[in-house]
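Engineer: Sequence below, structure please.
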Amino acid sequence: PVPLWGSPQSGGVVAGGPGYQASVAENRPAGTAVARLTAVDPDAGEAGRLHYTGTGFPFAINNSTGWIVVASELDREVVDFYSFGVEAQDQGSPPMASSASVSVTILDVNDNSPEFTQREYGARLNEDAVVGTSVLTVSAVDRDANSVITYQISSGNTRNRFSITSQSGGGLISLALPLDYKLERQYLLTIAASDGTRQDTAQVVVNVTDANTHR
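Structural biologist: Below is the predicted model of the structure:
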C-alpha cells in the first residue's frame with residue numbers, strides 16, 4: 001500500500017499528519033534537528049522500506065530516518081518562514097509514494113544592534129530658551145522583532161543642561177536647566193541607543209546663541 005504519514009517527532013513541532021509545522025531559532029547551527037518525518041508502510045521487505053526526500057533549503061532531510069536538520073545559516077531578518085514539500089517512497093516494484101508539506105518558522109534572536117538614522121545631528125538654541133524647550137529628536141532602528149530602544153546622554157552634557165526621553169520610537173532631547181552663553185557656547189553630546197543588550201551611538205552638536213541681556 002501507499003505509505004501513510006504519522007505524527008512528527010520534535011519539541012518544536014505544533015501539528016502532524018500530512019502537514020508538518022515546526023520552529024527553530026535563527027542562531028541554531030548546521031545539524032540542529034528541526035522535526036522528524038514519520039510514515040509507515042505495512043508491506044514486508046523492500047516494499048515496506050521508506051526513503052524520504054524533499055527540497056527545503058536551508059534544510060536537509062535524512063533519507064533513511066526522516067529527520068529534517070538545519071543545513072546552512074539562518075537569518076530571520078532575511079527570511080522568517082519556509083514552506084516546502086516532502087515525499088516518502090517505498091522501495092517496491094513499482095515504488096509507491098506519498099507526499100506531505102512542511103512549514104518552518106524562524107524564531108528571532110537579538111543579533112542586531114540599533115542603528116541611528118544619522119551619525120551626527122545639529123541644533124541651535126538661544127541662551128534665553130526656557131527650561132523644557134525641545135531641542136531635537138534623534139532616531140534609531142533595530143531589525144530584530146519586538147525590539148524596544150531606549151536613549152540616554154552618555155557624555156558631553158556639561159552641567160546637566162539637557163535631558164532625553166524615549167517617545168514614539170525616538171529620543172527627544174530637551175533643555176533641563178537654563179543656559180549661559182558666557183559659560184558654554186557649544187555642547188557635543190554623545191547619545192546612546194540601546195535595545196537592552198546592544199547599542200549604537202551618535203553625536204549631537206548644540207550651538208548656543210547669545211541673547212541681548214546686557215545694556
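Engineer: right, and the helix or strand after the lowest-mean-pLDDT helix or strand in the chain?
Structural biologist: Ranked by mean pLDDT, DSSP states H and E, the weakest helix or strand in the chain is strand 4-5, scoring a mean of 72. Downstream of strand 4-5, the first helix or strand assigned by DSSP states H and E is strand 19-25.
Engineer: quick one: buried residues of that following strand?
Structural biologist: 20-24 (16 or more other CB atoms under 10 Å). In short, each C-beta sits where N, CA and C put it, glycine included.
Engineer: do the same with stretch 164-177
Structural biologist: Buried residues in stretch 164-177 (16+ other CB under 10 Å): 164, 170-173, 175-176.
Engineer: cool, stretch 188-205 as well?
Structural biologist: For stretch 188-205, by 16+ other CB under 10 Å, it's 189, 191-195, 198-200, 202-204.
Engineer: Now flag whichever of the buried residues of strand 19-25 is closest to Glu120.
Structural biologist: Among those, Val24 lies closest to Glu120 (CB to CB), at 40.1 Å.
Engineer: wait, doesn't the closest one sit right on Val34?
Structural biologist: Yes: applying CB atoms under 8 Å as the test, Val24 and Val34 come out as touching, 5.1 Å apart.
Engineer: Confirm Arg159 sits in a strand?
Structural biologist: No: going by DSSP: H, G, I helix; E, B strand; the rest coil, the assignment for Arg159 is helix, not a strand.
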